[in-house]
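Novice: Fold the following.
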Amino acid sequence: MGVLDKLDLSQRLDREEYERKLLASQRRLQQLRLTLGGQLGTGRVGPSILVVMEGPDAAGKGGAIRAMVSHLDPRHYTVVNYAAPTREEKQHHFLWRFWRDLPTMGAMSVFDRSWYGRVLVERIEGFCTKTEWKRAYKTIEDFEESLCTESTILVKMYMHLSDEEQLRRFHNRAEDPLKRWKLTEEDWRNREKNREYEAAAEEMIERTGTKLAPWDIIPAEQKRYARVAAVDTLVRRLEEGMRRWGMEVPNIAEATVQKTPVKSAD
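Specialist: The predicted model follows:
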């Protein structure tokens, strides 16, 4: 039994608890983000923040990303979405297109899908050879070790949900004219290969989860729970990363919402 099979997908949050927990987690994330960017604390610019989001179609990656960044200043983060590589990108090393989007010191980027496509969709759909995707595990591990050693706090999350919940979300998208664009024939076809994708994900997690760049598996059966879990995971990994880089982690009490209203100047 793999790590995905052992995942507890029954975890839920009611709306009141969700809103309370999400606000607290977002405030803490904002505090850490500003500190790493040099806007709070000593003014020292810390390492870059790179969040990699993976998971099956309709697992809620977009909603989790919104929960991470919606409260941040738009100047303080970048979100990059990756689809199939272009003709030019195919003529380069498979990591080339990701290198160009890596965040600078003190900056933050979120990758909606990533270089792990090599050992997931490219592997399952036959877009690369068996030799190429098998070789990619070591290439990715070395790449990530270099990032984490030189300049980056790398946070990797895999969001997982059941086949039944995925199907329900597919139907909801199909019925909503403003969400229908998210659903393609390819998404429906991929459902038939869910077990193959899960097996590939299990191997990916086992072979590329390292001390410097571990995988965090997010139970995504309920969107509210998954969003809070994703923000909490990012907060925890940033705190760990700051300690590893010799930065003082700010007091969490300073991120709490003021209860006393500020008086008006008039």
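Novice: how about the helices in the stretch 1-150 of the chain?
Specialist: For the stretch 1-150 of the chain, the helices defined by DSSP state H, counting those that start in this stretch cover 15-36, 61-69, 87-90, 96-99, 121-124, 130-150.
Novice: So which of those is nearest E221?
Specialist: Closest approach to E221 among those is made by helix 61-69 (13.1 Å; CB to CB). Backbone N, C-alpha and C define where each C-beta goes, glycine included.
Novice: For F98, give me its contacts.
Specialist: Applying CB atoms under 8 Å, 6 or more residues apart in numbering, we find F98 in contact with 82, 111, 114-115.
Novice: In strands, which of those residues appear?
Specialist: F111 (DSSP state E).
Novice: Where does pLDDT dip in the chain?
Specialist: Residues of the chain meeting the criterion pLDDT under 70: 257-266.
Novice: Quickly list what the residue nearest the centre of it is bridged to.
Specialist: By CA atoms, centre = their mean, the chain has its centre lying nearest to M53, at 2.9 Å. Beta-bridge partners of M53, counted by DSSP bridges, are D112, M157.
Novice: surely it meets D112?
Specialist: Yes: if you go by CB atoms under 8 Å, M53 and D112 touch, sitting 5.5 Å apart.
Novice: With distance to I217 added, can I get the helices of the stretch 1-150 of the chain in CSV?
Specialist: Shown next, in CSV, are the helices of the stretch 1-150 of the chain (distance: least, CB to CB, whole Å):
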stretch, distance to I217
helix 15-36, 18
helix 61-69, 13
helix 87-90, 29
helix 96-99, 22
helix 121-124, 19
helix 130-150, 17
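Novice: Could you pull out the strands in the stretch 101-250 of the chain for me?
Specialist: 108-112, 152-160, 215-219 (DSSP state E, counting those that start in this stretch).
Novice: and the second one with helix 15-36, angle?
Specialist: Angle, strand 152-160 to helix 15-36, by axes from the mean of the first three to the mean of the last three CA atoms, to 10 degrees: 160 degrees.
Novice: Could you list every helix and strand in contact with strand 152-160?
Specialist: strand 48-54, helix 61-69, helix 130-150, helix 194-208, strand 215-219, helix 223-244 (3 or more CB pairs under 8 Å, 6 or more residues apart in numbering; DSSP states H and E).
Novice: burial measure for the residue lying closest to A226 once chain neighbours are set aside, as a count.
Specialist: The shortest distance from A226 to any non-neighbouring residue, by CB to CB, 6 or more residues apart in numbering, is to A220 (4.0 Å). When neighbours are counted by other CB atoms under 10 Å, A220 registers 29.
Novice: thought A220 was touching G60?
Specialist: Yes: A220 lies in contact with G60 (CB under 8 Å); the separation is 4.9 Å.
Novice: Quick check: neighbours shared by these two?
Specialist: The contact lists of A220 and G60 share 159, 161, 226, where a contact means CB under 8 Å, 6+ apart.
Novice: Please list all residues in contact with V231.
Specialist: 22, 25-26, 29, 64, 67-68.
Novice: Identify the spatial nearest neighbour of it, chain neighbours not counted.
Specialist: Nearest to V231 is S25, by CB to CB, 6+ apart, at 4.2 Å.
Novice: same thing with A83?
Specialist: R113 is the one closest to A83 (CB to CB, 6+ apart), at 7.8 Å.
Novice: Roughly how far does the one you found sit from R168?
Specialist: Separation of R113 from R168 (CB to CB, to the nearest Å): 22 Å.
Novice: who has more neighbours, these two?
Specialist: R113 (17 against 13).
Novice: what residues are up against the more buried one?
Specialist: Listed by CB under 8 Å, 6+ apart, the contact set of R113 reads 53-54, 61, 81-83.
Novice: can you do 7 Å?
Specialist: 54, 81-82 (CB atoms under 7 Å, 6 or more residues apart in numbering).
Novice: can you give me how far stretch 63-72 is from the chain middle?
Specialist: 11 Å (CA atoms, centre = their mean, to the nearest Å).
Novice: which residues make contact with that stretch from outside it?
Specialist: Against stretch 63-72 from outside (CB under 7 Å, 6+ apart): 22, 26, 29-30, 33, 51, 53, 77, 79, 110, 112, 159, 223, 226-227, 230-231, 234.
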